[in-house]
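> Sequence and computational prediction follow.
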Amino acid sequence: MSCKIAPSLLAANFGCLREEINRVNDSEADWLHIDVMDGVFVPNISFGFPVMEYIKELSKKPLDVHLMITDPAKFINEVKDSGAYIMNVHYEACLHLHRTIQQIKECGMKAAVTLNPHTPVILLEDIIRDVDMVLIMSVNPGFGGQKFIENSIEKVSRLKELILRKNSSALIEVDGGINLETGKKIVDAGADVLVAGNSVFRASDPVEMISKLKML
Ligand SMILES: O=C(CO)[C@@H](O)[C@H](O)COP(=O)(O)O
């Protein structure tokens, strides 16, 4: 079975967003990955809800929304209205993660929890059956184009073991520094979904690169 691919729009040319999103529409990509940053939780600011509304109108792919913001529970309704299919919240940003996950699901979205590189997967032991997906950051969040952290491979294996042991149906998504080489290693370790920014949008043929990643 091939993995799912979610191109990360952060690496697109924002000057021609329509064309970039249309490339993804015409590809075998499964989802479109949207990174929202607040300049507090991460040292960068990307874009907010008005831009997401525009992306929603253009994208034919479900939106996989990664919130790199403090207290994401405050914005569940706005994220839903902006067209999210999946809402990813950081473990490190949620004081009451279980409640936030329930609220996301009640709102009609899939719920995912994201782990920074330093956060161990064992902390998810008591919530792994409640989430639809775990997003493992394989770079420190905030910027595209960073080097893949090799420890993420072992971390994905440990997460896969936890999912099997707890009889959870959570998918494993990995984000940061993913290309054909790192993507292969991470899929072999158990990843179900690959987020890829620069390797897709800076490729000479993004549509072909998405097909190649999907075959890993
Ligand atoms: O969330 C993030 C960065 O914070 C990622 O989604 C990056 O946008 C991935 O970009 P590449 O590392 O694949 O270029």
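Alright, I've got the coordinates.
> quick one, phi/psi of the closest residue to the ligand within the chain?
Distances between the chain and the ligand by Cβ to the nearest ligand atom are smallest at Gly197, namely 2.7 Å. In this view, the C-beta of every residue, glycine as well, is placed from N, C-alpha and C. Main-chain dihedrals, Gly197, degrees, to the nearest 10: phi -100, psi -80.
> hmm, who's touching whichever strand or helix holds Glu53?
Using DSSP states H and E, Glu53 falls within helix 49-58. Identification of contacts with helix 49-58 by Cβ atoms under 8 Å, 6 or more residues apart in numbering yields 9, 17-18, 21-22, 25, 32, 34, 36, 63, 65, 78, 81-84.
> What of stretch 66-81?
33-38, 40-42, 49, 53, 65, 87-90, 93-96, 99-100, 103-104, 107-109, 114, 135, 141-142, 175, 195.
> pull the longest helix from this protein.
helix 151-165 (DSSP state H).
> Show the average pLDDT along it.
Averaging pLDDT along helix 151-165 yields 98.
> can you check stretch 66-85 too?
Per-residue scores along stretch 66-85 average to 98.
> Heading C-terminal from the longest helix of the chain, find the next helix or strand.
Helix 151-165 is succeeded, C-terminally, by strand 171-175 (DSSP H and E).
> And that next one, what does it pack against?
Packing partners of strand 171-175 (3 or more Cβ pairs under 8 Å, 6 or more residues apart in numbering; DSSP states H and E): strand 133-137, helix 151-165, strand 193-196.
> Can you add distance to Ile186 and give these back as JSON lines?
Below are those laid out as JSON lines (distance: least, Cβ to Cβ, whole Å):
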{"stretch": "strand 133-137", "distance to Ile186": "8"}
{"stretch": "helix 151-165", "distance to Ile186": "6"}
{"stretch": "strand 193-196", "distance to Ile186": "7"}
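> Deepest in the core, which of those is it.
strand 193-196 (a mean of 27; mean count of other Cβ atoms under 10 Å).
> And that one, what does it pack against?
Checking 3+ Cβ pairs under 8 Å, 6+ apart, strand 193-196 ends up next to strand 4-7, strand 63-68, strand 171-175, helix 180-189, helix 206-214.
> one step back: PyMOL command for the buried members of the contacts of helix 49-58?
To isolate the buried members of the contacts of helix 49-58 in PyMOL, using 16 or more other Cβ atoms under 10 Å:
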select buried, resi 9+17+21+32+34+36+63+65+82+83+84
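> Show me which pair in the contacts of helix 49-58 is furthest apart.
Asn22 and Glu78 (25.5 Å; Cβ to Cβ).
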